[in-house]
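Asks: generate coordinates for the sequence data below:
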Amino acid sequence: MKHVSESRNMYEDFVVETDILFFKTGSHGLVSFHGRNYNIKKRMSADNITSLLSGKQFYHVGGNCYVNVDKVTEVEQCTVYFGEKAPSAKQLRIPRWKQESLKRLVAEMQQPV
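Replies: Numbers count the residues shown, from 1 in each chain. Okay, the predicted model is just below:
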C-alpha cells in the first residue's frame, strides 16, 4: 500500500526549463508547468520561482502567467502559438496590450547574433 507522500506525480522531477512552453504561478508556491506533452503542478519555494524568472527566456504576459520566449513560434490575434498552428498544438490567449511587446521580443530572440 502506498502512502500519500509516495504517490506524487513521478514526472514532476523531469520539468526542465528549456522544455517549458509556459507556466502559471498560484498561491502557496504552486506552479503549473505546461510543456508540449504535459501539464504538471509542482510546489516551489519563493527563491526557486525567483530563480526561474531571473532569466530572459520567460516573459510575463499577464496575471500570473509567463511564456517561454524561445518556444513561441507566432503571436497573432491575442494568441501565442507554440509550434505549428494546428488545433492539437498548444496555444495560449494573452491580453491585446501584451501582444505587440511579445512579438518584438520574439523577433529579437530569433535574430542571429
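Asks: ignoring the adjacent residues along the chain, who's closest to the residue nearest the centre of the chain?
Replies: The centroid of the chain falls nearest to Phe22 when counting by Cα atoms, centre = their mean (1.1 Å). Among residues not flanking Phe22 along the chain, Val67 sits closest, at 4.4 Å (Cβ to Cβ, 6 or more residues apart in numbering). In this view, the C-beta of every residue, glycine as well, is placed from N, C-alpha and C.
Asks: likewise for Ile94?
Replies: Using Cβ to Cβ, 6+ apart, the nearest residue to Ile94 is Val61, at 4.4 Å.
Asks: which intervals of this structure have sub-threshold pLDDT?
Replies: By pLDDT under 70, the low-scoring segments of the chain are 1-15, 112-113.
Asks: how many other residues sit next to Val80?
Replies: Number of residues near Val80 (other Cβ atoms under 10 Å) recorded here: 28.
Asks: I'd like the numbering to begin with 46 instead of 1 from here.
Replies: Fine by me, first position is 46 from now on; the one you just mentioned is Val125.
Asks: list the contacts of it.
Replies: 67, 106, 112, 117, 119, 136-139, 147 (Cβ atoms under 8 Å, 6 or more residues apart in numbering).
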